[in-house]
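K.L.:
pasting the sequence and the predicted coordinates here, then a few questions.
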Amino acid sequence: MGHHHGHSHGHGHSHAHTGNKKALFLSLLLISSFMVVEVIGGIITNSLALLSDAGHMLSDAAALGLSFFAIKLGEKKASDTKTYGYKRFEIIAAALNGITLILISLYIFYEAYQRFFNLPEVQSLGMLTISSIGLLVNIIAAWILMRGDKDENLNVRSAFLHVLGDMLGSVGAIVAALLIFFFGWGIADPIASVIVAILIIISGWRVTKDSIHILMEGTPKQFELEKLRASLLAIPKVKEVHDLHIWSITSGMPMLSCHISIEGDGVHDTVLHRAQSILHDDFGIEHSTIQVEKEEHGCPNHHGSCN
C-alpha cells in the first residue's frame with residue numbers, strides 16, 4: 001500500500017488584514033506627525049525625557065511603517081519560489097521592531113547616565129505642554145490599534161506595545177515637567193527617561209522573543225502537543241501518531257504535519273477525514289498535512305524507524 005497525504009485548507013486568515021492595515025496606517029500618520037513636533041520641542045526645551053519620548057516615537061513610526069509594509073507584502077500571492085507567499089515577512093518585521101526598541105532603550109540609558117552627573121537647564125513649561133499633547137496623540141493611536149487584531153497578529157501587537165510604552169513615556173515626561181516646574185528638581189528629567197527606557201526594553205524583549213520563537217518554527221503557545229496527540233490517538237483504528245510538527249507561518253496561521261499509523265482493517269479516508277475534523281474543530285488548525293499508513297508498513301524514512 002502506498003502512502004497518502006491529506007490536506008485541509010482554510011481562508012479565515014485574511015479577513016482581519018484590512019482592519020489591521022487601516023489601523024496601522026492611521027496610527028503611522030498620527031505618530032509621525034507628532035514625532036517631528038516632539039523632536040523640535042525636546043531640542044528647544046533641552047529635555048532628555050522629551051527627546052527619549054521622541055526617540056521612542058521614531059521607533060513607533062518605523063515599527064508602524066514596517067508593520068504596514070509587512071501586511072501589504074504579506075498580501076502578495078504565493079509563487080513557485082515562495083510557496084507560502086510573503087506572510088513570514090510580518091514576523092521578520094516584528095523581530096526588527098523588537099531589536100530596534102532594545103537598541104533605543106540602551107541609548108537612552110547612556111544619555112541619562114551622562115545627565116545624572118551634569119544636570120542641564122530644562123524649560124519645564126514647554127516640556128509640560130508638548131508631553132501633554134504627546135500623551136493625547138498616543139492615546140488616540142493606541143485606541144486605533146486596539147480596534148485592530150492585536151491579540152492574533154504579532155505585528156499589530158508589536159506596534160501596539162510601541163505606542164503603549166510611548167504613552168507611558170509621555171506620562172513620565174509630564175510628571176518630570178511638573179516636578180521641575182514646582183520644585184526645581186532637574187534630576188526628574190533623566191529619571192523619567194530611564195523609566196521610559198526600562199518600559200521600552202521590556203516590550204522590545206517580549207516582541208523579539210515571540211517573533212524568534214515563530215522564526216525558529218516553535219510550537220505556537222496555544223497548543224499542547226500531547227493533548228493534540230491524544231485527540232488523534234483517540235480516533236478508532238489509530239495505533240500511533242508520530243513525526244508530529246506544529247509551527248506558524250505568521251501570527252494566527254498555524255500549520256501541522258504528522259504520520260498516523262492505522263490497524264490493518266482501518267479505512268484510510270475515514271481516519272483522515274476524522275483527523276482533519278478534530279484539528280479544524282477542536283484546535284483551529286486549518287492547514288494540515290497528514291500521512292496515513294497501515295501499521296505493518298511502518299514509516300518510510302531514511303533510518304527505517306519512526307520517532
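P.N.:
Arrived safely, thanks for sending.
K.L.:
can you give me the helices for the stretch 201-307 of the chain?
P.N.:
Remark: helices assigned in the stretch 201-307 of the chain by DSSP state H, counting those that start in this stretch are 225-233, 268-283.
K.L.:
now, of these, which is deepest in the fold?
P.N.:
Greatest average neighbour count among these goes to helix 268-283 (a mean of 16), per mean count of other Cβ atoms under 10 Å. (Each C-beta comes from the backbone N, C-alpha and C, glycine too.)
K.L.:
with only the CA atoms kept, save that one in CSV.
P.N.:
Written as CSV, here are the backbone C-alpha positions of helix 268-283 (Å, rounded to 0.1, in the frame of the first residue of the first chain):
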residue,chain,number,x,y,z
HIS,A,268,-7.6,5.4,5.3
ASP,A,269,-10.2,8.0,4.2
THR,A,270,-12.3,7.7,7.3
VAL,A,271,-9.3,8.2,9.6
LEU,A,272,-8.0,11.0,7.5
HIS,A,273,-11.3,12.9,7.5
ARG,A,274,-11.8,12.4,11.2
ALA,A,275,-8.3,13.6,12.0
GLN,A,276,-8.8,16.8,9.9
SER,A,277,-12.2,17.5,11.5
ILE,A,278,-10.6,17.2,15.0
LEU,A,279,-7.7,19.5,14.1
HIS,A,280,-10.1,22.0,12.5
ASP,A,281,-12.9,22.0,15.0
ASP,A,282,-11.1,21.4,18.3
PHE,A,283,-7.8,23.1,17.7
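K.L.:
for that helix, packing partners?
P.N.:
strand 4-8, helix 225-233, strand 254-262, strand 287-294 (3 or more Cβ pairs under 8 Å, 6 or more residues apart in numbering; DSSP states H and E).
K.L.:
mind putting the ones you listed in CSV, mean pLDDT and distance to residue 204 included?
P.N.:
CSV is the format used below for the helices and strands packed on helix 268-283 (pLDDT from 0 to 100; distance: least, Cβ to Cβ, whole Å):
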stretch, mean pLDDT, distance to residue 204
strand 4-8, 47, 37
helix 225-233, 91, 29
strand 254-262, 92, 25
strand 287-294, 90, 30
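K.L.:
could you identify the helix or strand that succeeds the host helix or strand of residue 57?
P.N.:
Here residue 57 sits within helix 48-74, counting by DSSP states H and E. Counting by DSSP H and E, the next helix or strand C-terminal to helix 48-74 is helix 89-117.
K.L.:
got the angle between that following helix and helix 48-74?
P.N.:
In terms of direction (axes from the mean of the first three to the mean of the last three Cα atoms, to 10 degrees), helix 89-117 departs from helix 48-74 by 170 degrees.
K.L.:
CA-only coordinates of the helix or strand following helix 89-117 in PDB, if you can.
P.N.:
Going down the chain from helix 89-117, the next helix or strand is helix 124-146, by DSSP H and E. Taking Å, rounded to 0.1, in the frame of the first residue of the first chain, the C-alpha atoms of helix 124-146 are listed here in PDB:
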ATOM      1  CA  SER A 124       9.600  72.800  32.200                       C
ATOM      2  CA  LEU A 125       6.500  74.700  30.900                       C
ATOM      3  CA  GLY A 126       7.300  73.900  27.200                       C
ATOM      4  CA  MET A 127       8.100  70.300  28.200                       C
ATOM      5  CA  LEU A 128       4.800  70.000  30.000                       C
ATOM      6  CA  THR A 129       2.800  71.300  27.100                       C
ATOM      7  CA  ILE A 130       4.500  69.100  24.500                       C
ATOM      8  CA  SER A 131       4.400  65.900  26.600                       C
ATOM      9  CA  SER A 132       0.700  66.500  27.400                       C
ATOM     10  CA  ILE A 133      -0.200  66.700  23.600                       C
ATOM     11  CA  GLY A 134       2.100  63.700  23.100                       C
ATOM     12  CA  LEU A 135       0.000  61.700  25.700                       C
ATOM     13  CA  LEU A 136      -3.200  62.600  23.800                       C
ATOM     14  CA  VAL A 137      -1.700  61.600  20.500                       C
ATOM     15  CA  ASN A 138      -0.600  58.200  21.900                       C
ATOM     16  CA  ILE A 139      -4.000  57.600  23.500                       C
ATOM     17  CA  ILE A 140      -5.700  58.100  20.100                       C
ATOM     18  CA  ALA A 141      -3.100  55.900  18.300                       C
ATOM     19  CA  ALA A 142      -3.400  53.100  21.000                       C
ATOM     20  CA  TRP A 143      -7.200  53.300  20.600                       C
ATOM     21  CA  ILE A 144      -7.000  52.900  16.800                       C
ATOM     22  CA  LEU A 145      -4.600  49.900  17.200                       C
ATOM     23  CA  MET A 146      -6.800  48.300  19.900                       C
END
